[in-house]
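# Pasted the sequence and its predicted model underneath.
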Amino acid sequence: MITVYGPAYSVYTRIVRVVLEEKGAAYRLEEVDFISGGMPEAQKDRHPFGVVPALEHDGEIFFETGPICVYLDEVLEGLPLRPADPAGRAHLAATVAALDQYIWPDIRELTTQAIFAAHVGGWPDDTVTARMVKRLTDTLAILQTRFVETGLLGGPSISLADLHAAPMFAYLAQTVEGQMLLRDIPGLAGWWDGLKDRPSLTATQFDLKDYPWARRESPD
């Protein structure tokens, strides 16, 4: 049995779960709700820097989402999620790295203001929101021209890059600002529209209000 350690709301935990769903692999999610109760010591033992996710398989613990997903693609049956050629695999790895370094940090900040602030009883910081929208206006346009239009995202077959990006865009699309950004970048919006109802994403949906920290209300 494969065990994934992390909360369903974590974008990186969801990426691992989406890959497992695509592979048709049975697994168990052990919730690690670090927002409600802090990061447990057990997770600090699984990951040397005490973050999520971690994955247990065949008596071994694996950490860091990118390497976990490559491992799963190599050891599990099902449709391959990486190109067969070295150049293709290198371009895929670069796409994943670009998503991690240049796209997700700004989506995370935007969704923190637009979604998470209200759940924890706070108010969004409009200056942060405006700054993230400005940055994403540029970086999402690059994502379309250099990654979607070239087939690094949305290629002829689903890839680890698509599955890495999808949970990030699931959060972005929940915000008004994100919906407006996607409206103005039709190629990227088309990629997302073709992916958002995929069974692997449907199977890993979650409700933030299932967590104690997300049941607070914004102050008057």
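Perfect, I can see it now.

# Report all helices and strands that the helix or strand bottoming out on mean pLDDT in the chain contacts.
Lowest mean confidence among the helices and strands of the chain (mean pLDDT, DSSP states H and E): helix 117-119, at a mean of 87. Where contact means 3 or more CB pairs under 8 Å, 6 or more residues apart in numbering; DSSP states H and E, helix 117-119 is not packed against any helix or strand. In this view, the C-beta of every residue, glycine as well, is placed from N, C-alpha and C.

# Quick check: buried residues in that helix?
For helix 117-119, burial by neighbour count (16 or more other CB atoms under 10 Å) applies to 117, 119.

# Against which helices or strands is the one helix or strand residue 91 maps to packed?
Following DSSP states H and E, one finds residue 91 within helix 86-98. Helices and strands touching helix 86-98, by 3+ CB pairs under 8 Å, 6+ apart, are helix 65-75, helix 160-172.

# Pipe these into a markdown table and attach mean pLDDT, distance to residue 42 and mean neighbour count per row.
A markdown table is the format used below for the helices and strands packed on helix 86-98 (pLDDT from 0 to 100; distance: least, CB to CB, whole Å; neighbours: other CB atoms under 10 Å):
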| stretch | mean pLDDT | distance to residue 42 | mean neighbour count |
| --- | --- | --- | --- |
| helix 65-75 | 98 | 18 | 18 |
| helix 160-172 | 98 | 24 | 24 |
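
# Turn those helices into TSV, columns for distance to residue 38.
Below are the helices and strands packed on helix 86-98 laid out as TSV (distance: least, CB to CB, whole Å):
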stretch	distance to residue 38
helix 65-75	21
helix 160-172	23
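
# Can you say which of those is nearest to residue 33?
Nearest to residue 33 among the helices and strands packed on helix 86-98 is helix 160-172; the distance by CB to CB comes to 17.3 Å.
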